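1. Need coordinates for the below:
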Amino acid sequence: MGVQLAALLTNLSTQLTALLKPVATWFAGFGMPEFIVHWGHPAMMGIVVFVMGTTAAYMGWKIRTGAPGEDSATTRKLHKKLALWMTTFIGLGYTGGVLSLVMQDHPLLESPHFWTGTLALGLLGMNGAISMSKFGGGKPALRTTHAYIGSVAMVILLVHAALGVKLGLSI
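-> A predicted model of the protein is given here:
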């Protein structure tokens, strides 16, 4: 079973690489320095995760706990905007990271960094859907679920960052 899964992932990785190679070649034609191709994704995503992500998580928990002296309406608006932009940038960064791997001739789907990024993006998308549903009409259980999914996504993004540094140093 393990051998079959590995073969399936290798095949899928090869197909994805072939699909993305023309786009990566187009970006490579810009003549970006190797340092930017190699470390641009982690630098930009580090800013997004550590600045936007921690701020959005902090604001979310302030809303959740009803911290005294907090203008809840203002904090809710800022949290919503920040989380949306953060998720958007992470989605774009995910694409950039995959293209960076293709540009560096590194196999896709083989690193835990790829899988933690995929999981984090999926969790953020799920969390956005919960929020856009207005928490199922204001259901407390969905508000709680939203808080914890967001927190788990942030923890995964921190693990993802560590795995990314490890991957970057190995390429």
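
2. so where do the helices sit in this structure?
-> Taking DSSP state H, the helices of the chain run over residues 2-28, 34-47, 54-65, 72-103, 112-132, 134-138, 140-170.

3. Output the shortest one as CSV, nothing but the C-alphas.
-> Taking only C-alpha atoms (Å, rounded to 0.1, in the frame of the first residue of the first chain), the coordinates of helix 134-138 have been written out as CSV:
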residue,chain,number,x,y,z
LYS,A,134,-22.5,34.3,9.8
PHE,A,135,-21.7,31.3,12.0
GLY,A,136,-24.7,29.4,10.8
GLY,A,137,-27.0,32.2,11.9
GLY,A,138,-25.1,33.0,15.1
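
4. returning to that earlier point: next, format the helices of the chain as a markdown table and append mean neighbour count and mean pLDDT.
-> The C-beta positions use only the backbone N, C-alpha and C, and glycine is treated the same way. Converted to a markdown table, the helices of the chain look like this (neighbours: other CB atoms under 10 Å; pLDDT from 0 to 100):
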| stretch | mean neighbour count | mean pLDDT |
| --- | --- | --- |
| helix 2-28 | 12 | 88 |
| helix 34-47 | 15 | 88 |
| helix 54-65 | 17 | 92 |
| helix 72-103 | 17 | 92 |
| helix 112-132 | 17 | 95 |
| helix 134-138 | 11 | 92 |
| helix 140-170 | 16 | 94 |
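
5. show me the contacts for A147.
-> 60-61, 64 (CB atoms under 8 Å, 6 or more residues apart in numbering).

6. distance of it from Q4?
-> Taking CB to CB, to the nearest Å as the measure, A147 falls 39 Å from Q4.

7. What of L92?
-> 34 Å.

8. now do G137
-> Noted for G137: a distance of 44 Å to Q4, by CB to CB.
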